[in-house]
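# here are the coordinates; sequence isn't available:
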């Protein structure tokens with residue numbers, strides 16, 4: 001499976017957790033906190049569930065609870081995708 005990229009993550013955030021008015025997800029968001037982007041822990045759990053379904057991986061709730069930025073989420077997901085492909 002192809003790795004998750006930032007464009008895929010943007011799509012998943014909007015489709016699974018909703019689009020937060022006033023937040024420009026098209027801008028440079030890679031190192032902005034999810035809190036700054038308007039996504040709380042529940043939104044991240046919903047996002048994780050969508051990613052798990054789409055990518056066929058398991059993401060621990062504890063890992064998601066500590067996720068701070070899109071970069072950290074991409075690294076975690078792509079690590080799990082790579083491990084699953086091995």
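Structure received. Owing to the predicted nature of the structure, the values given are computational and were not obtained by experimental measurement. Residues are numbered from 1 along each chain as shown.
# quick one: contacts of the lowest-mean-pLDDT helix or strand in the chain?
The helix or strand of the chain with the poorest confidence is helix 61-65; it has a mean of 84 (mean pLDDT, DSSP states H and E). Here helix 61-65 makes contact (Cβ atoms under 8 Å, 6 or more residues apart in numbering) with 41, 44, 45, 48, 76. C-beta coordinates here come from the backbone N, C-alpha and C atoms, glycine included.
# residue 40 and residue 9: what is the separation?
17 Å (Cβ to Cβ, to the nearest Å).
# of the two, give the one with the bigger neighbour count.
residue 9 (20 against 10; other Cβ atoms under 10 Å).
# from residue 59, how far off is that one?
Taking Cβ to Cβ, one finds residue 9 at 13 Å from residue 59.
# can you give me the neighbour number for residue 57?
Residue 57 - counted by other Cβ under 10 Å - has 20 other residues nearby.
# one more: the one 3 residues further on?
Here the count is done by other Cβ under 10 Å, and residue 60 has 11 residues near it.
# so, low pLDDT: which residues of the protein?
17, 19-23, 85-86 (pLDDT under 70).
# helices of that one, residue ranges please.
Applying DSSP state H to the chain gives helices spanning 6-12, 41-55, 61-65, 70-85.
# got CSV for these, with distance to residue 24 too?
Listed next are the helices of the chain as CSV, based on distance: least, Cβ to Cβ, whole Å:
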stretch, distance to residue 24
helix 6-12, 10
helix 41-55, 17
helix 61-65, 23
helix 70-85, 13
